[in-house]
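[1] next input, structure requested:
(4 chains)
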4 protein chains.
Amino acid sequence: MIKVGIVGGTGYTGVELLRLLAAHPGVQLTSITSRKEDGMPVADMFPSLRGHVALAFSSPEKAKLTECDVVFFATPHGVAMAQARELLAAGVKIIDLAADFRLQDTAEFEKWYGMPHSCPDLLAEAVYGLPEVNREAIAKARLIGLPGCYPTSMQLGFAPLLAQGKQLVNESMLIADCKSGVSGAGRKAEVHTLLAEASDNFKAYGVKGHRHLPETVQGLQAIAGRKIGLTFVPHLVPMIRGIHSTLYANILPDARDTDFQALYGRHFEGEKFVDVMPAGSHPETRSVRASNKLRIAVHRPGGGDLLVILVVEDNLVKGAAGQGVQCMNLMFGLDETAGLMHIPVLP
Amino acid sequence: MIKVGIVGGTGYTGVELLRLLAAHPGVQLTSITSRKEDGMPVADMFPSLRGHVALAFSSPEKAKLTECDVVFFATPHGVAMAQARELLAAGVKIIDLAADFRLQDTAEFEKWYGMPHSCPDLLAEAVYGLPEVNREAIAKARLIGLPGCYPTSMQLGFAPLLAQGKQLVNESMLIADCKSGVSGAGRKAEVHTLLAEASDNFKAYGVKGHRHLPETVQGLQAIAGRKIGLTFVPHLVPMIRGIHSTLYANILPDARDTDFQALYGRHFEGEKFVDVMPAGSHPETRSVRASNKLRIAVHRPGGGDLLVILVVEDNLVKGAAGQGVQCMNLMFGLDETAGLMHIPVLP
Amino acid sequence: MIKVGIVGGTGYTGVELLRLLAAHPGVQLTSITSRKEDGMPVADMFPSLRGHVALAFSSPEKAKLTECDVVFFATPHGVAMAQARELLAAGVKIIDLAADFRLQDTAEFEKWYGMPHSCPDLLAEAVYGLPEVNREAIAKARLIGLPGCYPTSMQLGFAPLLAQGKQLVNESMLIADCKSGVSGAGRKAEVHTLLAEASDNFKAYGVKGHRHLPETVQGLQAIAGRKIGLTFVPHLVPMIRGIHSTLYANILPDARDTDFQALYGRHFEGEKFVDVMPAGSHPETRSVRASNKLRIAVHRPGGGDLLVILVVEDNLVKGAAGQGVQCMNLMFGLDETAGLMHIPVLP
Amino acid sequence: MIKVGIVGGTGYTGVELLRLLAAHPGVQLTSITSRKEDGMPVADMFPSLRGHVALAFSSPEKAKLTECDVVFFATPHGVAMAQARELLAAGVKIIDLAADFRLQDTAEFEKWYGMPHSCPDLLAEAVYGLPEVNREAIAKARLIGLPGCYPTSMQLGFAPLLAQGKQLVNESMLIADCKSGVSGAGRKAEVHTLLAEASDNFKAYGVKGHRHLPETVQGLQAIAGRKIGLTFVPHLVPMIRGIHSTLYANILPDARDTDFQALYGRHFEGEKFVDVMPAGSHPETRSVRASNKLRIAVHRPGGGDLLVILVVEDNLVKGAAGQGVQCMNLMFGLDETAGLMHIPVLP
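    Modelled structure (predicted):
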């Protein structure tokens, strides 16, 4: 059994990690830290876990994280990089759900997250935890920076287009019109995500710039092996879970004959967590609710030159905790799907 | 034109007052205070008011409230009683949407609100602002303590039963099972009313005791002219606006022949804001959305001895701001319905 | 492996059965019938099942249900009783999620469901599938009438009070104020459950009389061994899943010293799917979302004579499909919890 | 007083017309037809209208529509064109909320609506009822084809860019990523818009082609005076009212120095129902809820070459009934804002 610790389990990605790991056949939940809630049984904060998780929160001092095999950080940005060196030195692997180990450019990190990076050497070693792109590197890694929720959907949605040697679309003018449920904003007391504010309402936000833009550009450029240009417009949907990304790309004249449906099918062949749907499909976010699946549909309206790619995922699973468990499975030589084959909850 | 000031306009009852008063034909909005937002145009905080309200928030010092004819307090408990004496002395009438002038028993006030009452003499003078019960006193009052949202629905729902000389129901065992939309919790940054927490969810709260219990008991006893016993169980509904109170009362053997439908019809005859629906009706909260109407249906399941009264209101209108405007109309000799005949918004 | 057939898999209880059974370790899904959708892969109707359920709907003629070990009926009322005799004769066990085998009084059945009962002899043999009450009979049964969603919550909520030899509460005046998510109305094209109608709205319905009343009265009387009187008021909550029942009972003078919290704890000791929460708790429907758990909290507001019992369940799981699987486990000698230990999905 | 008739008042645009017209100072509601509901008081179907609308539905035969000054058609497509000739002959003006008089190309009409156009001569005379584009023609018209909800937001959102002599953006590659609340689907009993289906969910639909595409292209070409190319992707949002259109346009090299914020401000100067918000704004749908206002924000992320225009409207008001009343006001020489200055309902 893999001994697992969680740092910061009081947010949504934390409780989702608990839901997934408590039922994982190869895992022993060892400790979960929260300075503020030291001593409180986890199930007192999250009654959904009553009868499933007996653990209590403990302060970091008592948590003995160095005795774990792997530690997940479900914390605000900046926490993981402060503790990473000590844990790695003790032979503990790290999977960070925050942004500390996502952006390889420390100047970009500082610009978007408002703090200097405290361990650039570890950052250089960190592997970006997107298994469908980086599977082999993840298997060998000891430090994972997990992708953000939006970036997962954008990268997997654009990947088949960019991963070809030949350019198929105008890569300098990619557009991602993304919509997220409010759990993406975290379990934080804020006015704008109150039910009375966010319900029966729809809006864009962060059009000027969003932290997930540089991360996605970095990832897409890694996939393409060349510069790309992306406009990313996030929107807030009055629902709890789910991301729907609507991606637009202009087909280049030379690529007009491409069978894009087939291209996507081939690209993701054999992937357990990516479902390329039949031509003409409109994936719904609820079709992946509470599961690690991501679904994609490829459209070319009117047979024209604009490709429209629809991508859905559960932001807390494939967009966060589930992807973390998927990486853990790879890092410890387990079946990649272990503990992750939940059937989506519908309705 | 009545010159109106608002103290504390950044919450939901505040913005609702602005919506009602900005379109009221007999009112001139004069000032709205917020120490924190001094100088910010109201419409910057609430874009719904763009083009309708030109006023900016001002700090209390600048607001010249003593030049108003009436001041509404849409503030946390305790604010109105601190400013009431000065305003009254200046000839300004006061309508308090908080609890400072609701409970006549100062010990009860201190017990439920955790602060001593600072002006018991003014409290003694204050009139409870429930027009369908207290119309004449309101018309002559200079200081109004407006009912809470739940208490409005419970009192108007039980009133016809208790207002008869003869006891019709077991008045020591009244039950009110009430359900409220989350705007009732106010525009406060709290975790439990986040959309991701409160949506697709239902729960009771405060079963042990809720501040609206003593207020309602006081009101019902005033109506009945005798002691009553009430159990009040509030619940949180995943919707923005609306209260639905399901009231239960055991019919006394002597009263079994009463035509309760007719009794309710007579009791509220001529009332513009209380609608006794036809027998067999199930009022919906949306049927009063954004309006000052309260609807009631009377049921006697199986023709038995338990009376079931269904009451709906918009907690922000008839349960707060609208009722305040209704009181204002009475206090200034306007038509009671002035500025209050909005047709409910459906769907 | 138990060979399982499902009749009528296109509704919400059908797709929920599929979610539970497809991941059940002791089950082989053999056939699922729908005359209308003959030949259509189940996953085309419910994309959430893509990659998990390969089965297609088949017309009843092709389905070879007589080769199954057990058949679930997730159909409109009246279907199961038409097919039961033939299946039972072939040695197939039956679990009916509709009402055909719930009410032992055929006159009552005809009154509430508008059709005569076609096989009273089988009805007499049928066992009411509420394991916490009828565990041993279920284990031996070949024909199960599963409780309705509301009745499950009301019966388990009142059971500890009524199951004592001595009367503790006024059993002639029980009240159940119940609130259900809209999935309880089924996957039927109807105006009143459209999102634009039912969202941001709350209402009671069926106050005059509801089919779940006679069923619940029958069940409570079986538990108590004496007549009881119940008023049941259902309400529609703008959420997908979940039932919250708020139960009221007047404590008899002789029973005032009872420790009701302890009584409930003892009554359900050892039950895997009933969670008696600590005193003072307010269970939320989301704390059981997508799981077979039912949670109960016991309140006595102000220490008075009115007991308030709060009960939550997922109407599609413990209120329907999950309870059916729980019965199946008992009927086939499996661990009662097999395939049912899903951790609730929160948020 | 203008005598107004409504044909087909049982849908959402019908009840919204009733809400607006019942409170309109210059209107007398004369008749409302529904063959199916002949004799039923309108307020029995829509209890929100109790106390505000005394009218009953009447069958078309009894309705005496020819005695009206104007008749609104809030009907399925095809109804208005069948009755238009007779009404016009009787001197009655017509405002059609359906599609019969939107598309000038009858072949396009037949292709998208599946029926031949029965009165091309009247179609040729019909004026497209978008006042901010066609104000003068509307004032003189006797037959109005009202824009669809999506087309209103797209046309007003793109108009300032296309209305200039000089091309500013790549007009052959316009993108409209639009999101609508479910009331846009109408008050029809359908499975996919049930709360249990559409709530806590998000999806695109009609990506292959949607009826509002040809209408919008026609309108944009009329504004531009040249061919344009548009890709339109509609999405369903789990909310009742509101449309949010996110529009994308590539700025041409020659136009890079344009001050687009100023351009939009100038274009809509003086418009009462179009609000160009300050630079950097993110309009919310709830900021226009239940009002006739449309709000626009202009963005240019990263100062790059892609323009992002955000547009919100209430699909039932500015996208349907409100726009109809605005046209009526123009056609009868009333103040354009008469009966339309509702302050949006927030929260």
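[2] so A:D69 sits against A:V92, correct?
    Yes: contact criterion CB atoms under 8 Å: A:D69 and A:V92 qualify, at 6.8 Å. For the C-beta atoms, the positions are set from N, CA and C on the backbone; glycine is no exception.
[3] comparing these two, which residue is more hemmed in?
    In terms of neighbours (other CB atoms under 10 Å in any protein chain shown), A:V92 is the more surrounded of A:D69 and A:V92; the figures are 21 against 18.
[4] would you map out the domains in chain A?
    By the record's domain assignment, chain A is partitioned as A:2-125, A:150-315 (automatic domain parsing).
[5] if I look at A:F202, how far off is chain D?
    Counting by CB to the nearest CB, to the nearest Å, the gap between A:F202 and chain D amounts to 5 Å.
[6] which residues touch that residue?
    Residues near A:F202 by CB atoms under 8 Å, 6 or more residues apart in numbering or on different chains: A:235-238, D:179, D:181, D:237, D:239, D:242, D:244, D:284-285, D:312.
[7] mean pLDDT added to the domains of chain A, as TSV?
    Formatted as TSV, the entries for the domains of chain A read as follows, by pLDDT from 0 to 100:
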stretch	mean pLDDT
domain A:2-125	96
domain A:150-315	97
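[8] which stretches in chain A count as strands?
    For chain A, the strands identified by DSSP state E occupy A:2-7, A:27-33, A:57-58, A:70-73, A:93-96, A:127-128, A:143-145, A:174-181, A:203-204, A:230-237, A:243-250, A:274-276, A:294-299, A:306-313, in order along the chain.
[9] mind putting those strands in TSV, mean neighbour count and distance to C:R266 included?
    Compiled in TSV, these are given as follows (neighbours: other CB atoms under 10 Å in any protein chain shown; distance: least, CB to CB, whole Å):
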stretch	mean neighbour count	distance to C:R266
strand A:2-7	23	35
strand A:27-33	21	30
strand A:57-58	22	30
strand A:70-73	28	39
strand A:93-96	26	44
strand A:127-128	22	54
strand A:143-145	27	48
strand A:174-181	26	42
strand A:203-204	24	52
strand A:230-237	24	46
strand A:243-250	24	47
strand A:274-276	21	49
strand A:294-299	25	48
strand A:306-313	26	46
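[10] I'd like the average pLDDT over stretch A:136-144.
    Model confidence over stretch A:136-144 averages 98 on the pLDDT scale.
[11] what distance separates that stretch from the centre of its chain?
    Here the centre of mass of C-alpha atoms in stretch A:136-144, compared against the chain's by CA atoms, centre = their mean, to the nearest Å, lies 16 Å away.
[12] where do the helices of the stretch 101-250 of chain A begin and end?
    Across the stretch 101-250 of chain A, reading from the start of the chain, the helices by DSSP state H, counting those that start in this stretch fall at A:106-113, A:120-125, A:131-140, A:149-162, A:195-198, A:212-224.
[13] buried ones in the second one?
    With burial defined by 16 or more other CB atoms under 10 Å in any protein chain shown, the residues of helix A:120-125 counted as buried are A:L122, A:L123.
[14] that helix packs against which elements?
    Counting contacts by 3 or more CB pairs under 8 Å, 6 or more residues apart in numbering or on different chains; DSSP states H and E, helix A:120-125 packs against helix A:79-89, strand A:143-145.
[15] adding distance to D:V169, write the strands of chain A out as JSON lines.
    Supplementary listing: the strands of chain A in JSON lines, determined by distance: least, CB to CB, whole Å:
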{"stretch": "strand A:2-7", "distance to D:V169": "48"}
{"stretch": "strand A:27-33", "distance to D:V169": "52"}
{"stretch": "strand A:57-58", "distance to D:V169": "54"}
{"stretch": "strand A:70-73", "distance to D:V169": "44"}
{"stretch": "strand A:93-96", "distance to D:V169": "41"}
{"stretch": "strand A:127-128", "distance to D:V169": "35"}
{"stretch": "strand A:143-145", "distance to D:V169": "38"}
{"stretch": "strand A:174-181", "distance to D:V169": "14"}
{"stretch": "strand A:203-204", "distance to D:V169": "19"}
{"stretch": "strand A:230-237", "distance to D:V169": "14"}
{"stretch": "strand A:243-250", "distance to D:V169": "14"}
{"stretch": "strand A:274-276", "distance to D:V169": "33"}
{"stretch": "strand A:294-299", "distance to D:V169": "23"}
{"stretch": "strand A:306-313", "distance to D:V169": "15"}
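[16] output stretch A:111-123 as CSV, nothing but the C-alphas.
    C-alpha atoms of stretch A:111-123 as CSV (Å, rounded to 0.1, in the frame of the first residue of the first chain):
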residue,chain,number,x,y,z
LYS,A,111,4.4,38.0,-12.7
TRP,A,112,1.2,36.0,-12.4
TYR,A,113,1.4,34.7,-8.9
GLY,A,114,3.0,37.7,-7.2
MET,A,115,5.8,35.9,-5.4
PRO,A,116,9.3,34.9,-6.3
HIS,A,117,10.0,31.3,-6.9
SER,A,118,11.9,29.9,-4.0
CYS,A,119,13.4,26.8,-5.6
PRO,A,120,14.2,27.1,-9.3
ASP,A,121,16.4,24.0,-9.2
LEU,A,122,13.5,21.9,-8.2
LEU,A,123,11.2,23.6,-10.7
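[17] that's all I had, so thanks and see you.
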